[in-house]
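*Asks:* Predicted coordinates and the sequence they were generated for:
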Amino acid sequence: MSDIISKTNWSFIEKITFRFFFVYFILFILSINNEAFPIYYHYIEPILHKGFKLFVPWFGENVLHVNKIYPIHGFDTLYMYILLLILLIISIAGTIAWSLIDHKRINYQKAYYWFTLILRIYVGITLIKYGVAKIPNVQFSTPFYLTKLMQNFGEYYPMELAWTFLGYSDGYNFFIGFAEFLGGFLLLFRRTLVFGALVSLVVVSNVVAMNYFYHIPLKIISSHLFIMLIFLLAFNLKDLFKFFFMQTPLVLRRIIQPNFSKKLIKIALVIKLLIAGYAVYEYYLFTTKDDVWTNSEKYVSVLKGLYEVEEFTIKANDSSCIFKGDKWKYLMIDMNSRATIKNDNFKDIRYNLKVDTLKNRIDLKAQRDTLKFYSLTYERGDSLDFYMKGTYLKDSIFIKMKRYKNYRKKFNLTKREFNWVNKLPVNRY
């Protein structure tokens, strides 16, 4: 691998292209930092977005004549696309002005080095953080919660389907998480830039495809990561094409570095390692700060299980003799603070849950309508039998159920384990 020989004269197209992407990508990184630069993200970017939240809706309503622009940042919202349009207009204007003012400059070799360094850190840290979130499988939706296992397939949104599919396998998450981490880490160093960019390009291409075709509202950030990777590979694209398709011997080139002292180069290496280490540490804390993600036992309810209702008896205590609650089909309890009731219309109603094990009592209060309130006592019967009785508003109810504490054995998705050899193929589709 050798350094790029500094070209004395850049072509007109090369200079225009560099100016445009320099302005656009810098504006994008400042506007959508994605936690790549923590100090900037936490303390400076929020100030910038206060101005955006005023200007972007104004621009949309008065220039584009678009109404109802909700200032939701970070996803594929109308607000974000208008923001991108504003950045694009500024970038085009900035490119024209820069070209007029600086038209005599023959190249931007030093600026190219510093610009690509910023891009390498931005893309690299972003991928490292995504990788750290995937390796312990905490980014995606686990399908092992009861509400997921009992959810009708047709009720899934495309994104929910994709993330539940990805969240099923710890091994697959480790594989793609490690690939993201590896690619991002290698981007931080010039010697491994090309290999890191190729690895990252494969990973990000898959992410872009998932985001586009499963309607995941992260198309903006993933598409820009893809374009940035292409830009970082641009200086070697012609050589890589000849190597792969024309079988031409290849010597990879590196972006030329300014003349730094050996001491300064070592300091820069340490700083890059510290940046990568901090990214891992910060995102590890983020993904593990709430033990709910790791299914900690302290969050699991003592009444955890799937309850299948066999008998639901009502005694209405008002003059209409009409029960105003939901007739239960299933009761689902995972965590100690919430429960879900699936009614006889197979609609899920979420409740806040309180359990008093000394009095064998549970209280259920609907999350969306706090007037819906069950006050019940429970009793364990023989084998799987479980009984509840009490009141809903003024009505008396009695419920007989079967409790499946180890409910995962009831579902094909969760009871089947990995096997190298199968007596019969399990290839249902």
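*Replies:* Received it, and whenever you're ready, just let me know what you need.

*Asks:* ok, now which ones touch the most centrally placed residue in the chain?
*Replies:* Centroid-nearest residue in the chain, with Cα atoms, centre = their mean: Gln139, separated by 5.8 Å. Shown in contact with Gln139 (Cβ atoms under 8 Å, 6 or more residues apart in numbering): 130, 133, 167, 173, 287. The way it works is simple: take the backbone N, C-alpha and C, and place the C-beta from them, glycine included.

*Asks:* So it: helix, strand or coil?
*Replies:* coil (DSSP: H, G, I helix; E, B strand; the rest coil).

*Asks:* How much space separates it from Thr377?
*Replies:* Per Cβ to Cβ, to the nearest Å, Gln139 is found 40 Å from Thr377.

*Asks:* now swap in Gly51 and tell me
*Replies:* From Gly51 to Thr377 the distance is 57 Å (Cβ to Cβ).

*Asks:* Over to Tyr404?
*Replies:* 21 Å.

*Asks:* Of the two, give the one with the bigger neighbour count.
*Replies:* Tyr404 (16 against 13; other Cβ atoms under 10 Å).

*Asks:* so which strand or helix has Lys110?
*Replies:* Lys110 is part of helix 109-134, with elements assigned from DSSP states H and E.

*Asks:* Likewise for Thr370?
*Replies:* Here Thr370 is assigned to no helix or strand, by DSSP H and E.

*Asks:* per-residue confidence at it?
*Replies:* pLDDT recorded at Thr370 is 76.

*Asks:* Over to Tyr168?
*Replies:* 89.

*Asks:* which residues sit in contact with Phe398?
*Replies:* 311-313, 387-389.

*Asks:* Out of the residues you listed, list just those in strands.
*Replies:* 311-313, 387-389 (DSSP state E).

*Asks:* Which among these count as buried?
*Replies:* The neighbour count (16 or more other Cβ atoms under 10 Å) marks 312, 387-388 as buried among those.

*Asks:* Export those residues to JSON lines and append columns for pLDDT.
*Replies:* Below are those laid out as JSON lines (pLDDT from 0 to 100):
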{"residue": "Phe312", "pLDDT": "91"}
{"residue": "Tyr387", "pLDDT": "94"}
{"residue": "Met388", "pLDDT": "94"}
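
*Asks:* In terms of distance to Val203, which of those residues ranks first?
*Replies:* Using Cβ to Cβ, Met388 is the member of those that sits closest to Val203, with 49.2 Å.

*Asks:* Okay, and the beta partners of that closest one?
*Replies:* Tyr378, Ile399 (DSSP bridges).

*Asks:* Quick check: it vs Ile397, distance?
*Replies:* 8 Å.

*Asks:* which residues are common contacts for those two?
*Replies:* Common neighbours of Met388 and Ile397, counting by Cβ under 8 Å, 6+ apart, are Leu376.

*Asks:* can you give me phi and psi for the residue nearest to the centre of the chain?
*Replies:* phi -80, psi -40 (degrees, to the nearest 10).

*Asks:* Then the one 4 residues further on?
*Replies:* Note on Pro143: its backbone torsions stand at phi -80, psi 10 [degrees, to the nearest 10].

*Asks:* Let me know the helix or strand that the closest residue to it other than its chain neighbours is in.
*Replies:* Once flanking residues are discounted, Pro143 sits nearest to Thr164: 4.8 Å by Cβ to Cβ, 6 or more residues apart in numbering. Assigning secondary structure by DSSP H and E places Thr164 in helix 158-167.

*Asks:* What lies in contact with that helix?
*Replies:* 137, 139-143, 148, 156, 172-173, 210, 214-217.

*Asks:* how far out from the middle of the chain is it?
*Replies:* Helix 158-167 has its C-alpha centroid displaced from the chain centroid by 11 Å (Cα atoms, centre = their mean, to the nearest Å).

*Asks:* got the angle between whatever helix or strand comes next after that helix and helix 158-167?
*Replies:* Downstream of helix 158-167, the first helix or strand assigned by DSSP H and E is helix 170-187. Using axes from the mean of the first three to the mean of the last three Cα atoms, to 10 degrees, the inter-axis angle of helix 170-187 relative to helix 158-167 is 100 degrees.

*Asks:* elements contacting helix 170-187?
*Replies:* For helix 170-187, the helices and strands in contact under the criterion 3 or more Cβ pairs under 8 Å, 6 or more residues apart in numbering; DSSP states H and E are helix 109-134, helix 158-167, helix 193-213.

*Asks:* Can you mark which positions in it are buried?
*Replies:* For helix 170-187, using 16+ other Cβ under 10 Å, the buried residues are 173, 176-177, 179-187.

*Asks:* Also stretch 114-123?
*Replies:* 115-117, 119-123.

*Asks:* Confirm that Val256 lies within a helix, as I assumed.
*Replies:* In this structure residue 256 is Ile, not Val. No. When three-state DSSP is applied, Ile256 is found to be coil, with no helix at that position.

*Asks:* wait, it sits on Ala111?
*Replies:* No. Assessed by Cβ atoms under 8 Å, Ile256 is found out of contact with Ala111, at 11.8 Å.

*Asks:* Give me the angle between the helix holding Thr164 and helix 109-134.
*Replies:* Here the directions of helix 158-167 and helix 109-134 differ by 80 degrees (the same axes, to 10 degrees).

*Asks:* I would like the C-alpha coordinates for helix 158-167, written out in PDB, please.
*Replies:* What follows is helix 158-167, C-alpha atoms only, in PDB (Å, rounded to 0.1, in the frame of the first residue of the first chain):
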ATOM      1  CA  PRO A 158     -43.400  -3.900   8.100                       C
ATOM      2  CA  MET A 159     -40.700  -2.400  10.400                       C
ATOM      3  CA  GLU A 160     -42.000  -4.400  13.400                       C
ATOM      4  CA  LEU A 161     -41.900  -7.600  11.300                       C
ATOM      5  CA  ALA A 162     -38.300  -6.900  10.200                       C
ATOM      6  CA  TRP A 163     -37.100  -6.000  13.700                       C
ATOM      7  CA  THR A 164     -38.800  -9.000  15.300                       C
ATOM      8  CA  PHE A 165     -37.300 -11.300  12.700                       C
ATOM      9  CA  LEU A 166     -33.800  -9.900  13.300                       C
ATOM     10  CA  GLY A 167     -34.300 -10.000  17.100                       C
END
